[in-house]
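1. can you look at this prediction? I've put the sequence above it.
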Amino acid sequence: MLKKLLSLKDQVVIDLKNAITVNEVGNIKALYLGKKSPLQELMAKMKDLSIEEKKEIGMATNEFKRFVEDAVIKRLSEINELEIQNKLNSEEIDVTLPGRKFRSGKLHPLTKIARQVEEIFIGMGYKVEEGPEIEQDLYNFEMLNLPKGHPAREMQDSFYIDNNTLLRTHTSPVQVRTLLKAKGEPVKIICPGKVYRRDNDDATHSHQFMQIEGLVVDKNITMADLKGTLELLCKRIFGENLKIRLRPSFFPFTEPSVEVDVTCFKCGGNGCGLCKQSGWIEVLGAGMVHPNVLEMAGYDSKVYQGFAFGLGIERFAMLKYEIDDIRHFYTNDPRFLKQF
């Protein structure tokens, strides 16, 4: 039996040397290692051998398998190299042909706005924090002073996964998680990310959009700090000559709350189609952090104060680039995107 295996090795070498295609090599492998190969016939006869003979023949057959497999791999490599060399020899490059233009990609307008806002706040010492888009009701609503049954929840119809889990409706849960992690220490963060609400998509609404929210919690924080921060932000984005104004508003998680307007950067406040002849454009919402939110996060609201704000990246981009339909950001039309 051992002599037969040795003779098979010699034949394997000869057959593989004559093989010139991948298919031929595969057939040779099947011939010597397949179900109907001489090797299988030898192994079938092992039941009639003694224990010592079985050990000897077993080692020999395993060595033969490795030999064939190694020889097959080597021959396939040789055939592959030969094919590449033949292809190189047969093909010619016409160096007189004009070169191909490679178009480099550009940043999406939403990415540009998000990065610009992040750079502004990082320059002011803020940290960028992120959190899960699938959020717990506890962080998305309850710890933001929106208990179950609160009428303000109707303002944010949500995508619920179960009774306690939903797609976040704002990035405010990141603020809550950061406050809990800070354990009573000062916080200065922005929270960018995607959010989801059950809106019917139209020119100004989308069921998915992007927000950047900011939060500062420390001692002796006032509305003046908030106004100064937002004024710097708006001037950096829309132009240094604009002014801002704060109008009273309502948000459950801030008190007092404000809507932030800027003088129209197109007409300079004189009135035009963009600002609907008012001279002002609403850009974001903000306010002082509600004492209940601070207390639930473990802060003494008599010692610590804070301000928070939230802006829609799509809204900033639509105003800055004069885009009239939010759906343009998500249709992936290169004719639209290449403008930026």
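-> Arrived safely. Numbering: from 1, shown residues only.
2. pLDDT below threshold where in this protein?
-> Where the chain drops to pLDDT under 70, the residues are 1-6, 46, 152, 154-156.
3. OK, contacts around Ala71?
-> The neighbours of Ala71, taking C-beta atoms under 8 Å, 6 or more residues apart in numbering as the test, are Val12, Val13, Leu16. Bear in mind the C-beta positions are built from the backbone N, C-alpha and C, glycine included.
4. that's a strand at the last one, yeah?
-> Yep, that's Leu16 we're talking about. No: counting by DSSP: H, G, I helix; E, B strand; the rest coil, Leu16 is not part of a strand but helix.
5. not counting its neighbours along the chain, what's nearest it?
-> Nearest residue to Leu16, sequence neighbours excluded (C-beta to C-beta, 6 or more residues apart in numbering): Arg75, at 4.5 Å.
6. returning to what we had before: mind checking which of the contacts of Ala71 are buried?
-> Val12, Leu16 (16 or more other C-beta atoms under 10 Å).
7. around Pro192, how many other residues sit close by?
-> 21 (other C-beta atoms under 10 Å).
8. quick one: secondary structure of it?
-> strand.
9. test my guess that it contacts Ile212.
-> Yes: in this structure, Pro192 is within contact of Ile212 by C-beta atoms under 8 Å, at 4.5 Å.
10. shared neighbours of those two, anything?
-> Ala114, Val117, Glu118, Thr171, Ile313.
11. now distance to Arg100 too, for the contacts of Ala71, in TSV please.
-> Listed next are the contacts of Ala71 as TSV, based on distance: C-beta to C-beta, whole Å:
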residue	distance to Arg100
Val12	47
Val13	47
Leu16	42
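12. which parts of this structure belong to which domain?
-> The chain is divided into the following domains under automatic domain parsing: 2-90, 109-337.
13. ok, back up a step: distance from the host helix or strand of the residue nearest to Leu16 to the middle of the chain?
-> If you go by DSSP states H and E, Arg75 is part of helix 51-90. Remark: helix 51-90 is offset 45 Å from the chain centroid, using C-alpha atoms, centre = their mean, to the nearest Å.
14. please identify the buried residues of that helix?
-> Ile57, Ala60, Thr61, Phe64, Phe67, Val68, Ala71, Val72, Arg75, Leu76, Ile79.
15. swap in stretch 240-256?
-> Leu242, Ile244, Leu246, Phe251, Pro252, Phe253, Thr254.
16. what number of residues lie near Phe329?
-> By other C-beta under 10 Å, 21 other residues sit near Phe329.
17. can you name the residues that contact it?
-> His108, Pro109, Leu110, Glu314, Ala317, Ile323.
18. quick check: buried residues in the one helix or strand Leu166 maps to?
-> In this assignment (DSSP H and E), Leu166 forms part of strand 165-167. Buried positions in strand 165-167, judged by neighbour count with 16+ other C-beta under 10 Å: Leu166, Leu167.
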